[in-house]
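Asks: sharing a model prediction with you, sequence too.
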Amino acid sequence: MKKFRKVLDGLTTSSPGATVSSPSCGSAAGTPTAAPTPKEIDVQETLVSENFQLCKTVRHGFPYQPTALAFDPVQKILAIGSRSGGVRILGRPGVDCYCQHESGAAVLQLQFLINEGALVSACADDTLHLWNLRQRRPAILHSLKFNRERITFCHLPFQSKWLYVGTERGNTHIVNIESFILSGYVIMWNKAIELSTKTHPGPVVHLSDSPKDEGKLLIGFESGTIVQWDLRGKKADFRIYYDEAIHSVSWHHEGKQFMCSHSDGSLTLWNLRNTTKPFQVTFPHGKIQKDGRKESCKPILKVEYKTCRNSEPFVIFSGGLSYDKAGRRPALTIMHGKAITVLEMDYPIVEFMVLCETPYNNEVQEPYAVVVLLEKDLIVVDLTQSNYPVFENPYPMDIHESPVTCTAYFADCPPDIIPILYSIGAKHKKTGYSQKEWPISGGTWTLGSHTYPEIIITGHADGSIKFWDASAITLQMLYKMKTSKVFEKPKPGEGRAAELVEEDPFAIQMVSWCPQSRIFCVVGISAHIILYRFSKYDANTQIVSLEVRLQCDSEDVISPSENENNPSFSETGSHSPQPHHHHQHQHPASPGSRTPEGIKDSIPCLKVKDRAVRVPPGYQSELVIQLLWVDGEPPQQITSLDINSAYGLLAFGNCNGLAVVDYLQKTVILCMSTLDLYGSTDPYQRLTRSPRRNRQSTSEFCMRGLSNFYSDSKKRIRTSYQSLTELTDNQQSIDMERSKSPTSDHVNGHCTSPTSQPCSAGKPRIPMGPEGPRLTRRGPGRPPFRKAQSAACMEISLPVSHTEESRENSFTRSRSSSVSSIDRDTKEAVTTLQFGESYGRKNDVLPTPCLWVGTSLGVVLLIPMSIPTDQEERMEEPVTMGVSGALLMLKGSVLRFSFLDCMGALIQTPYEVWRDHNAPEDPDRPRRRKLVHFSPSSSQDACGDGHLAVVCSERQAKVFLMPSQSCLFVHNITESSFVLRADVVSVCNSVCLACFCANGHVMTLRYDLASCHAIAFVPNHREPSR
C-alpha cells in the first residue's frame, strides 16, 4: 500500500498576520497565509494528516486489452489477463480483485491450480509467476525466468505437481509447481520428431496429458506435427505429420480420439488406433463451389471437443468462416450433432473456454456454458438450451459500450432514490437472457457495515446517460436514458449538425443532478441543454424549446492589472458592449433561417421534436435550451452549468457570456456577455477589436467534432493535461512540462496551464499519432477544438507564426520585463456557477438568493437575485437579477465554490422536495412546492451573522468572510502544475478542500485560519483505464 507524503504538516503561525512557507513536493507548493479573523468565528479543527490514507478498493469496467482467460471449475472463479500485465479475478457479483505484474509485460496464458487457491501466469517477458490467491490481496510467491527460450504454451494437469512449458524453439520443459524450479527434464524437439526429419517443426502450440494415462504427453507443433511422448520411457509413442498448420488440439474424454483445428479452416479427428491419416476431415464453413472446389476459409484458432451422457458431443470453435464475405463479424460456432449454430460477436474473440461439470478430463464432460472473452466484452453462453441464450452479465462490463465523455459522483443520496431508479430501469432491460444463475459464482462477499448510498452518473458519446449504484464497492447499472430521443434524427444532407460535429452530435459534456428534487440537467456537445423531471407515471408531453443567442460580435483583448488583489478599475466607456438577444419558443423552432448571402443565422444545431411524444416512467424531458448560430458562426460549447430546484433557475455560460433561465416560467431572464457582467467594476484593461477582422479566427476554434473527447481508433478520452501538451513544438517529457515556469507558458509557443485562454491565428500544427488522419482531413487552417477539464472553453496557444496574417490577428503585449512581446488574444469564459443563499453586496444585512460566477481569468462575481416567495406569484412574477454585485480575485481559472457557516459546517444548497407532476390530482390535498432552505444564519445564533465562502481556482484557494468580503485565508496550491478538479467534502465530521492536479497529485487542504495541511501522491497508472 502506498503511503502519503506529508507535504504540509504542523504549520502554525506566531502572529495573526504571519506568513509561513514549507518545502514543496511535486506540484504541492504551498504558501499559506493567515489574516486576522473576527472573534465570532470559531472553527473547531479536527482533521489531521493521519485521517487520510490511500487504499485501492476496486476497479470497475472491462479489462483493457485482454489477452488470456482461465477458469477454476471447482471454485468457480474466472481470471482475465491483459496486455499491460494486469490480472483480473472475478467470482460472484461483488467478488472482484485486480493484480498487477510489476514488469508490466503482457499476460500470454493463465492456469489455475484447480481448487488450491493458486494461479500460474506466463508473461511476454518469458517469466512464469505463481500467485497465492488465499490471502486478502493476492501476491506472487515464486517467479521463474526463461533466459534463452521464449514461452509459447503452458499446461498444468488437474492435481499434478508438474507444469509443462512449451517454447518457441520447439522444446518442452517441466517445472515443479511446489518448488517452482525446473526439474531438469527437457523434451528436445529433435528427440520428439524423427531424426530423419530435416525441417524444424516450429514452436510448441499445444500440450496436454492423455485422459487414459497421465504419463503420456501430447505435443502439438505449429507446422502440423503431433507427437505423443512417453514421460516414463522418454520416447515417442507415435508421430503425426500433417500438411496444415495446427492451432489447437482437444481430447475425447476416453483418450482414444482427439481433434485438431487447422489454418485452412478444417477440423481433423484422429484415432489412436491408426495415426497415419485422420479419421475424419471436415470444413464446417467450407461450401462446395460450382467448379467443385471448396471455398477457402479462415483459420480455426481454437476447438474444444466435449462429450455428453445423453446427447451427441459438442464441438465448439472460433474462426473458420469463409473469406468470401467481406466485413463479416467474428463468430463462435457450436456444432451439436448435425446442428450447426453460428453466434456472431460484436468484437473479435480473444479466447473462449467451455465450462464443464467435472474437472477430471477422463470423465464425461457435460458442458453447460461457454465463456467468450472478446476485445471489449465478456459473454457467457448457456449450452443447456437449444437456442443458446446468453447469461445477463452482472459485472459492469458495458461502462464503455459507448465511450464515456463525462462522469459525476454523488454520495449520501436519499435512501429511496436507488430502489426507485432500479425498479424503473428494470422495466426497460433487454429480454431473452438465460433464466439460470450466473455460472461464475465463486468467492465470498459480504456487505460492509459502513455502506451508504452512492451513485455514479456517466454520460456517453452517443448521448446516452447511465445511472450506476456504486454502494458497497459494487457497481450495478440502475437506469439508462437516451437524450437523442428529444431531437429529430438528422437527415442526410441537412448538414446543420454535420458542419459542427462530424459524429455523435448528442455527446454529453456535463451533467447536473439534484437528488432531492430529482431534477436532472444535461449539456451536450451541440451547445444544447436538456432539463428532465422524474415521474413514476408515463405521460404524453410536448417538449418546450428555448433558443438563446449568446455570441460576442467583438473580440476583447485583456491586459491584467499590475496588482491582482487590488485591481485597477476602468471606465465602462472603453468596452463597447454588444447587444444580445434571445429567442423563446413555447414550441420547437423551425429549421432556422439564412441571410441572403447564405450565412447561417439564428438557427440551432439540432431540431427538437415538434410533436407530442409518449414518454415512459423515469426521467422525462421538459425543456430544451439551444444556443444559436450568429452571422455564420456556430455557437461555442457550454463550459459551466448549475441548477437550483428551490429557485427554479438554471444558469449556464461559455466563452461569450452567461445566461440564466427560469425553467418554471420557461423564460430567459438574463443573457449577457462576460464583459457586461462587470459593469463599472471591470478589473482588466481591454482594447476593442474589429469583429470583421477576427471573424475567421473565432469560427475556426468552434466545435469541431468529438476529437476533443477521443480518437477514431481507440476512442480514448483525453485528459486536459494531455490535450495541453499535445501541441508543443517538440515532444518533451511530462516532467519537462511540469517544470516550466508559469511566466514562460507562451514564450515557447504552447500552454502548460489553462489559466489563460489564448487563441493564436497562426498556422496550426497537426500533432502526429493515431489521430493524425482525422486532423488532416479537416483541411488547412482548421485545428480541432480541444477540451480541458478545468476550463472547457480552452483554446490552445499554437506556435507563433510571423506571417502577415498572424500580425493582423494578434495583439502584442509584454507579460513581464523578462518576456518578449507575444502575439495572442484572450477570451474570458464562465468556468463555474453556483446558486446559494449569500450576501450579494457588502452592506447586505440578510442573506438573499445569489448566483456566484467564476471566470477563466480568476474573477468571482456575485449576482443577487429577487425571487417571489409565494407559489402563485412565483409562476407569474418575473425573477430579477442585479449584475453589479461583489467582485473577488484569484490566480487562475475559478473551479469551485463552497459555503461554510461560522462554525465551519458545510451549508447545503436550497432545494425543492420531489413531487410527481404526473401523479393524479387529489382535490383534498392540492400540490404545492415544498422548499428546504439552509440559511447561513440559521445554525449560528451564537456566532453572529455572515458565512464563509471557500473559492478554489487552478492555482489558489481563498476563504472569504461574507458579507464583508474580507479574505481570511490564502493558500497557493501549486506553481508548477494546475488543479483540474476541486471540491469541499465532509470528512470525519469536518470539512476539507480536495484538489486533483494535472500531474496526478491529490491534495487535501484542511480549513484552519492559522494552518493548512496538504497530502499528495502520484497514482500508479500501470493499466490504462477504459
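Replies: Sure thing, it's come through.
Asks: three-state assignment of residue 419?
Replies: Recorded secondary structure, residue 419: helix (DSSP: H, G, I helix; E, B strand; the rest coil).
Asks: hang on, I meant residue 110
Replies: In three-state terms, and counting by three-state DSSP, residue 110 is strand.
Asks: quick one: contacts for the nearest residue to it once chain neighbours are set aside?
Replies: Distances taken as Cβ to Cβ, 6 or more residues apart in numbering place residue 70 nearest to residue 110, at 3.7 Å, with adjacent residues excluded. Backbone N, C-alpha and C define where each C-beta goes, glycine included. Contacts for residue 70 were tallied using Cβ atoms under 8 Å, 6 or more residues apart in numbering; they are 78-79, 110-112, 119, 353.
Asks: next one: residue 373
Replies: Going by Cβ under 8 Å, 6+ apart, the list of residues near residue 373 reads 66, 69, 80, 349-352.
Asks: ok, now with 7 Å
Replies: For residue 373, the contacting residues are 66, 69, 80, 350-352, by Cβ atoms under 7 Å, 6 or more residues apart in numbering.
Asks: which neighbours does the helix or strand in which the residue nearest to residue 110 is found have in its sheet, and in what orientation?
Replies: For residue 70, the element it lies in under DSSP states H and E is strand 66-72. In the sheet containing strand 66-72, its partner strands are strand 77-82 (antiparallel), by DSSP bridges.
Asks: returning to what we had before: which two of the contacts of residue 70 have the greatest separation?
Replies: Maximum pairwise distance among the contacts of residue 70 (Cβ to Cβ): 14.5 Å, between 119 and 353.
Asks: distance check, residue 269 against residue 225.
Replies: Between residue 269 and residue 225 the computed distance is 17 Å (Cβ to Cβ, to the nearest Å).
Asks: assumed residue 484 was part of a helix.
Replies: Yes. Remark: residue 484 belongs to a helix, assigned using three-state DSSP.
Asks: residue 962 reaches residue 840, doesn't it?
Replies: No. In this structure residue 962 lies outside contact range of residue 840 using Cβ atoms under 7 Å: 9.4 Å.
Asks: who's more crowded, residue 119 and residue 353?
Replies: In terms of neighbours (other Cβ atoms under 10 Å), residue 119 is the more surrounded of residue 119 and residue 353; the figures are 24 against 18.
Asks: the residue nearest to residue 110 pairs with what?
Replies: On the basis of DSSP bridges, residue 70 is bridged to residue 79.
Asks: now do the same end-to-end measure for stretch 206-224.
Replies: Taking Cα to Cα, to the nearest Å, the span from the opening residue of stretch 206-224 to its closing residue is 11 Å.
Asks: same check on stretch 456-469?
Replies: Span of stretch 456-469 from end to end, Cα to Cα: 7 Å.
Asks: mind putting the contacts of residue 373 in JSON lines, distance to residue 882 and pLDDT included?
Replies: As requested, the contacts of residue 373 are exported to JSON lines (distance: Cβ to Cβ, whole Å; pLDDT from 0 to 100):
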{"residue": "66", "distance to residue 882": "58", "pLDDT": "95"}
{"residue": "69", "distance to residue 882": "64", "pLDDT": "96"}
{"residue": "80", "distance to residue 882": "59", "pLDDT": "96"}
{"residue": "350", "distance to residue 882": "62", "pLDDT": "95"}
{"residue": "351", "distance to residue 882": "65", "pLDDT": "95"}
{"residue": "352", "distance to residue 882": "67", "pLDDT": "96"}
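Asks: now the residues you listed as JSON lines including neighbour count?
Replies: Written out in JSON lines, the entries for the contacts of residue 373 read as follows (neighbours: other Cβ atoms under 10 Å):
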{"residue": "66", "neighbour count": "22"}
{"residue": "69", "neighbour count": "20"}
{"residue": "80", "neighbour count": "23"}
{"residue": "350", "neighbour count": "21"}
{"residue": "351", "neighbour count": "20"}
{"residue": "352", "neighbour count": "21"}
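Asks: ok, so of those, who is nearest residue 331?
Replies: When the contacts of residue 373 are compared for distance to residue 331, the smallest value, 11.3 Å, is given by residue 352; criterion: Cβ to Cβ.
Asks: quick one: contacts for the nearest residue to the closest one once chain neighbours are set aside?
Replies: The spatial neighbour of residue 352 that comes closest, neighbours along the chain excluded (Cβ to Cβ, 6+ apart), is residue 372 at 4.6 Å. By Cβ under 7 Å, 6+ apart, the contact list for residue 372 reads 332, 345, 349, 352, 379, 381.
Asks: farthest pair within the residues you listed?
Replies: Spatially, the most separated pair among the contacts of residue 372 is 349 and 381, at 12.0 Å (Cβ to Cβ).
Asks: hmm, back to that, any idea how far the residue nearest to residue 352 is from residue 440?
Replies: Note on residue 372: its distance to residue 440, by Cβ to Cβ, is 13 Å.
Asks: try residue 897
Replies: Applying Cβ to Cβ, the value for residue 897 to residue 440 is 46 Å.
Asks: so for those two, which sits in the more crowded spot?
Replies: Between residue 897 and residue 440, counted using other Cβ under 10 Å, residue 440 has the larger neighbour count: 25 against 22.
Asks: how about that one, secondary structure?
Replies: Here residue 440 is recorded as coil under three-state DSSP.
Asks: gap between stretch 904-914 and the chain center?
Replies: Using Cα atoms, centre = their mean, to the nearest Å, the mean C-alpha position of stretch 904-914 is found 28 Å from that of the whole chain.
Asks: which residues touch it?
Replies: The contact list for stretch 904-914, computed with Cβ under 7 Å, 6+ apart, reads 43-44, 514, 516-518, 534, 644-646, 835-837, 898-901, 929-934, 936, 939, 947, 984, 986, 991, 1007.
Asks: compare residue 269 and residue 225 (neighbour count), which wins?
Replies: Each of residue 269 and residue 225 had its neighbours counted (other Cβ under 10 Å), and the higher figure belongs to residue 225 (23 against 16).
Asks: can you give me the strands for the stretch 851-1000 of the chain?
Replies: Along the stretch 851-1000 of the chain, counting by DSSP state E, counting those that start in this stretch, strands occupy 859-866, 880-881, 887-889, 894-900, 911-912, 931-932, 947-953, 956-962, 966-972, 979-987, 990-997.
Asks: deepest of those, which one?
Replies: Mean neighbour counts were compared across these using mean count of other Cβ atoms under 10 Å; the top stretch is strand 947-953, at a mean of 26.
Asks: so for it, mean pLDDT?
Replies: Here strand 947-953 scores 91 as its mean pLDDT.
Asks: okay, now the sheet partners of it, with direction.
Replies: Strand 947-953 has the following sheet partners, assigned by DSSP bridges: strand 894-900 (antiparallel), strand 956-962 (antiparallel).
Asks: nearest to residue 546, out of the ones you listed?
Replies: It's strand 894-900; of the strands paired with strand 947-953, that one is closest to residue 546 (Cβ to Cβ) at 25.6 Å.
Asks: and that closest one, C-alpha only, in PDB?
Replies: These are the backbone C-alpha positions of strand 894-900, laid out as PDB (Å, rounded to 0.1, in the frame of the first residue of the first chain):
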ATOM      1  CA  VAL A 894     -12.000  29.600 -10.900                       C
ATOM      2  CA  LEU A 895     -13.100  26.000 -10.400                       C
ATOM      3  CA  ARG A 896     -15.300  25.600  -7.400                       C
ATOM      4  CA  PHE A 897     -17.400  27.500  -4.800                       C
ATOM      5  CA  SER A 898     -18.500  26.200  -1.400                       C
ATOM      6  CA  PHE A 899     -20.100  27.800   1.600                       C
ATOM      7  CA  LEU A 900     -19.500  27.200   5.400                       C
END
